[in-house]
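Chemist: Model the following, please.
(chains A and B)
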Amino acid sequence: KQEVTQIPAALSVPEGENLVLNCSFTDSAIYNLQWFRQDPGKGLTSLLLIQSSQREQTSGRLNASLDKSSGRSTLYIAASQPGDSATYLCAVSRGTGNQFYFGTGTSLTVIP
Amino acid sequence: GAVVSQHPSWVICKSGTSVKIECRSLDFQATTMFWYRQFPKQSLMLMATSNEGSKATYEQGVEKDKFLINHASLTLSTLTVTSAHPEDSSFYICSARSLGQGVEAFFGQGTRLTVV
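Modeler: Residues are numbered from 1 along each chain as shown, chains lettered A, B, ... in the order given. Now for the predicted structure:
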C-alpha cells in the first residue's frame, strides 16, 4: 500500500524566507502528484499538479519538483508571506480514475 | 479549474440521527467520486470510491451500512451517515474526477460534522 510522508510536520519561518517542503512516497508507480493547501477548517486548494512524466511545475512563487525513481517531491516557496500560512499536503495517484494517497501534511507559519 | 460544491459546510446533529452530505460537480461530469475523512491533526483517508450508476467500493474498516453512498447521476454523489455517533465527528470531503477534465482531481469545500 502506498504510504506518503511529509517532513517537517511543522515549520515556522520569518516573512521573506525561501523554504522547502518535502514529500516522500513508497511506491514509485504513480500517475501524478499534486500539492494542496488547506486552511484551518477548510477544504483543499490545488497548488500544483505534476504528471509522472514531468520533473517540475511552477506557479508564481511556487515550484514543485518530482523525482519518481527515488519517491520524492519538494515544494519550494519563494519569498514567503504571512498569507502562505496553512497546511500543505502532497498526494499521489496511480491513475486518472484512482484515489489519492495523502501525506500527513506540513503546517507552515510565516511570521510577519 | 472545475468546481466541486459540497453541502452543507458544517452540521451538528444528535447521536442516533442520520446526516446527508451532498457533493456536486458544477461544470463537468464526474464519472468517479471519492469520499475522504479527516480526523483532527491527521491527513485525509479514503472512505469509498463511487462510480456513477454502480455500487460504491469501500475501504477496509469502513462500514458500508453506516456510510451510505449514492452516485445516481454524473453530477451528484451523496454520503449519508446513518445512526451517527460522537466518534463519527470528523471533516468529510469529496473529490471528483473526470477524464474530460484531464488528470487533476477537484475537491469540495468539506463538511464539518459534529455529533453531540
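Chemist: where's B:Leu68 relative to B:Gln29, distance?
Modeler: Remark: distance between B:Leu68 and B:Gln29 (CB to CB, to the nearest Å) = 22 Å. The C-beta positions use only the backbone N, C-alpha and C, and glycine is treated the same way.
Chemist: Return the residues in contact with A:Glu56.
Modeler: With contact set as CB atoms under 8 Å, 6 or more residues apart in numbering or on different chains, A:Glu56 has these partners: A:50, A:63-66.
Chemist: Does chain A have contacts with the worst-scoring helix or strand of chain B on mean pLDDT?
Modeler: The least trusted helix or strand in chain B, going by mean pLDDT, DSSP states H and E, turns out to be strand B:106-107, with a mean of 86. Yes: using CB under 8 Å from any CB of the partner chain, we find that strand B:106-107 touches chain A at B:106-107.
Chemist: which strands and helices sit next to that strand?
Modeler: Identification of packing neighbours for strand B:106-107 by 3 or more CB pairs under 8 Å, 6 or more residues apart in numbering or on different chains; DSSP states H and E yields strand A:44-51, strand B:90-97.
Chemist: again, 10 Å this time
Modeler: Judged by 3 or more CB pairs under 10 Å, 6 or more residues apart in numbering or on different chains; DSSP states H and E, the packing partners of strand B:106-107 are strand A:32-38, strand A:44-51, strand B:4-7, strand B:90-97.
Chemist: Please name whichever of those is nearest to B:Thr49.
Modeler: Nearest to B:Thr49 among the helices and strands packed on strand B:106-107 is strand B:90-97 (9.7 Å), distances taken as CB to CB.
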